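[1] with the input below, show me the fold.
(one chain, ligands or ions: 1)
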Amino acid sequence: MDNNLGDLYRDIIIDHYKYPRGNKKIEKSDVYREGKNPVCGDEIEVSIKVKDNMVEDISVECVGCAISVASGSMLADTIKGKPLDEVKKIAKIVKSLLKGETIDESVDLGDLEALEGVNKFPVRIKCALLSWTTLIDGIESLSEAETLTTSSTE
Ligand code: ZN
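    As a prediction, this is how the structure comes out:
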């Protein structure tokens, strides 16, 4: 069997699952989104605090399988302190990585590289994507709201 479970549950994934980063409440969030993956039963709440177009703080609370929790934890770890544009770019790369597509190797993915093994397990891809789609959904709602308030002259 090529689809070794060891590729899926790498040590780094287990570590993020056991000790999820960003699993705490933040006081005043600018973006709050809930996400669900009904196929697996994963549920997630993502809150971020934005300052000067950067992610100042993030909270990810995920109840679900190891892959969804680990992916959410890595997300929290990776995007804190990053500009929103870069966050969107990273989310795209993660999507490609999970689909087994060629990725932009100039970007340092850190722990996220451990998610690469998930692309051999199609049923788990949604689990790994949940936190990212929920986050991007939230960020996009934020920029829409900003456009509404700042583009009144157009
Ligand atoms: Zn799952």
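[2] for this structure, what helix or strand is lowest in average pLDDT?
    helix 5-8 (a mean of 84; mean pLDDT, DSSP states H and E).
[3] how about the helix ranked longest in the chain: buried residues?
    Secondary structure of the chain per DSSP state H: the longest helix is helix 122-150. By 16 or more other CB atoms under 10 Å, the buried positions in helix 122-150 come out as 124-136, 138-139, 142. All C-beta atoms are positioned from the backbone trio N, CA, C, and that covers glycine.
[4] ok, back up a step: run the chain-centre distance for the least confident helix or strand of the chain.
    How far helix 5-8 lies from its chain's middle: 20 Å, per CA atoms, centre = their mean, to the nearest Å.
[5] how about the nearest residue to Ser141, chain neighbours excluded?
    Spatial nearest neighbour of Ser141, chain neighbours left out: Val31 (7.0 Å); criterion: CB to CB, 6 or more residues apart in numbering.
[6] repeat that for Leu84.
    Once flanking residues are discounted, Leu84 sits nearest to Asn53: 5.2 Å by CB to CB, 6+ apart.
[7] flag every buried residue along stretch 37-49.
    Buried residues in stretch 37-49 (16+ other CB under 10 Å): Asn37, Cys40, Asp42, Glu43, Ile44, Glu45, Val46, Ser47, Ile48, Lys49.
[8] what sits against the fourth one?
    Residues near Glu43 by CB atoms under 8 Å, 6 or more residues apart in numbering: Glu34, Gly35, Lys36, Asn37, Cys62, Val63, Gly64.
[9] element containing it, please.
    Using DSSP states H and E, Glu43 sits in strand 42-51.
[10] what strands line up against that strand, and which way round?
    Here strand 42-51 is paired, per DSSP bridges, with strand 31-37 (antiparallel), strand 54-63 (antiparallel).
[11] most tightly surrounded among the ones you listed?
    Among the strands paired with strand 42-51, strand 54-63 has the highest mean neighbour count (mean count of other CB atoms under 10 Å), at a mean of 20.
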